[in-house]
Each structure stands twice: as C-alpha cells, then as structure tokens.
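K.L.:
Sequence and computational prediction follow.
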Amino acid sequence: MRLKNILIIALFICLCPCHAIASTHVLGTFGRTYSIVERDALEEIKEHASKIDWSKHFNKEKAETAVKNYQPENMTTALPRATEDRTFSVDMTYTLDFDIPDGKGGILYPKGYTFNPLDYVQLPNILVIIDASDQKQVEWFEASQYINDYKTMCLITEGKFWTLSQKLQKPVYYADKQIIQRFKLKAVPSVVQQKGQYMEVKEFDIENRKNSHSVPDNNTSLDTHK
C-alpha cells in the first residue's frame, strides 16, 4: 500500500505542468522574525588576539638572533682552500635503494634500478661554493663574473649566511654534507654547473692565480668521476 502511494505521488509530479511549478513565488513573511545575534567568528578572533600580550609569548630579539645564527645540523667539516685550478666532472647516476610502487600493487622501478636525472632535466643554476669565514674567498666572489649572474646561487661551507647575505644583498644558502658529498667537493671556492649529462666542478686557486675570478683556461686538468 505504501509503495502504491509513493508511485501515485511520483506520477503526479511527472504529469504536473512545468508552468505550474515555475509559477511558485514568495507568499510573504508570517510570524515573528528575529535578527541574527551570533557574532562573526573572525571578529571574535581579532578581538581575542588584541587582548594578548604577545611580548610574553614571543621574544623578537631572541627570534632574530636565532635566524641570524642559524646553521643546519648536517654541516660537514670545513673544506680547505683550493691550492690549484682544477676541473672535474661528476656522474649524477643514482641507484635506487628501495622499490617504487606503481600504485596498482606492482613495482614501477625496482630496488637497484639506476638512472641519471640529468638525462631528463636541465639545471639552469650555477652553484658557487665558498667559505664565508675566509675574507679572500668573499672578495673573490664579489669580483667574479658570477656575482651579477641571475643564475648564480651562493652556498657557504663555513661562516654565517645572514652576515654574507646582508653584505652581498643576495640570498645565501648552506652547502650541507649531502651537497658536498653529491658533488664530490674537495676544496673551495668551487663552481658547479651542468654540462650535458654531467655536473662540472671547477676549483679556483685564488692565492696564486693572477686573475683568480676568471674561468680556468683550457690547460686545466680534467678528471672524470663516474
């Protein structure tokens, strides 16, 4: 019986003329109405925040000091200053030490699979790595052809990034242990950039080279690490 009533109602809706449905309109307001008295949540948050003494919870000077003295935990030992101009290539081929699933219950790339990311991407940046605590290396970088190249990223192995970034008016980053190991860095200053399927590393002897800020000449030795 109940199913029969539902079918009758459904049939009535289907047969009802469209213009009858479209002709519905507001009949007016009946009964008493009340204004919304609940406060805006954002206004309440602002009011509450204005009453908090943030100086008790946030020490601006302490925070600024922490930023200026920041240094990653995985920094390696300091690299020595380069004693000769040297250029070598680094093979970036990587071997997976775990399986990469395909999301369907199978394996997309198995553990042990090797690939060279430089076969697929082009790295536009030039990495200049220096010891920021060595004033001569800082001066070398300021006088080099790299200082005004928009592609240059300055990384430091020692010293404070904040002090140097303020001096250069450029962002400065840390060359942590992983970066140094991946590019096989042995001395600074060094310049790293992509050359085809390899990353090229140039070490500069700023003490004995007449034009130490220039690129090494064609007689510079070339070692290839694969």
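P.N.:
Sure thing, it's come through. Numbering: from 1, shown residues only.
K.L.:
what are the bridge partners for Tyr109, then?
P.N.:
Beta-bridge partners of Tyr109, counted by DSSP bridges, are Ile100.
K.L.:
dump the residue contacts of it.
P.N.:
Each residue near Tyr109 by CB atoms under 8 Å, 6 or more residues apart in numbering is listed here: 96, 99-100. Just so you know, the C-beta spots here come from the backbone N, C-alpha and C atoms, and that holds for glycine as well.
K.L.:
again, 10 Å this time
P.N.:
Listed by CB atoms under 10 Å, 6 or more residues apart in numbering, the contact set of Tyr109 reads 96, 98-102, 115.
K.L.:
any idea what sits nearest Ile107, other than its immediate chain neighbours?
P.N.:
Excluding the flanking residues, the one nearest Ile107 by CB to CB, 6 or more residues apart in numbering is Asp99, at 5.0 Å.
K.L.:
Just the pLDDT at the one you found, thanks.
P.N.:
pLDDT for Asp99: 91.
K.L.:
now do the one 3 residues further on
P.N.:
Among the per-residue scores, Asp102 holds a pLDDT of 87.
K.L.:
Same check on the one 5 residues further on?
P.N.:
The pLDDT attached to Ile107 in the predicted structure is 93.
K.L.:
any idea how far Leu164 lies from Val188?
P.N.:
13 Å (CB to CB, to the nearest Å).
K.L.:
neighbour-wise, which of those two wins?
P.N.:
Comparing Leu164 with Val188 by neighbour count (other CB atoms under 10 Å), the higher total belongs to Val188, at 28 against 19.
K.L.:
What segments of the chain are helices?
P.N.:
Assigned helices in the chain, in chain order: 2-15, 18-22, 41-50, 60-68, 135-143, 161-168, 177-182 (criterion: DSSP state H).
K.L.:
Which of these comes out lowest on mean pLDDT?
P.N.:
When mean pLDDT is averaged over each of the helices of the chain, helix 18-22 scores lowest at a mean of 49.
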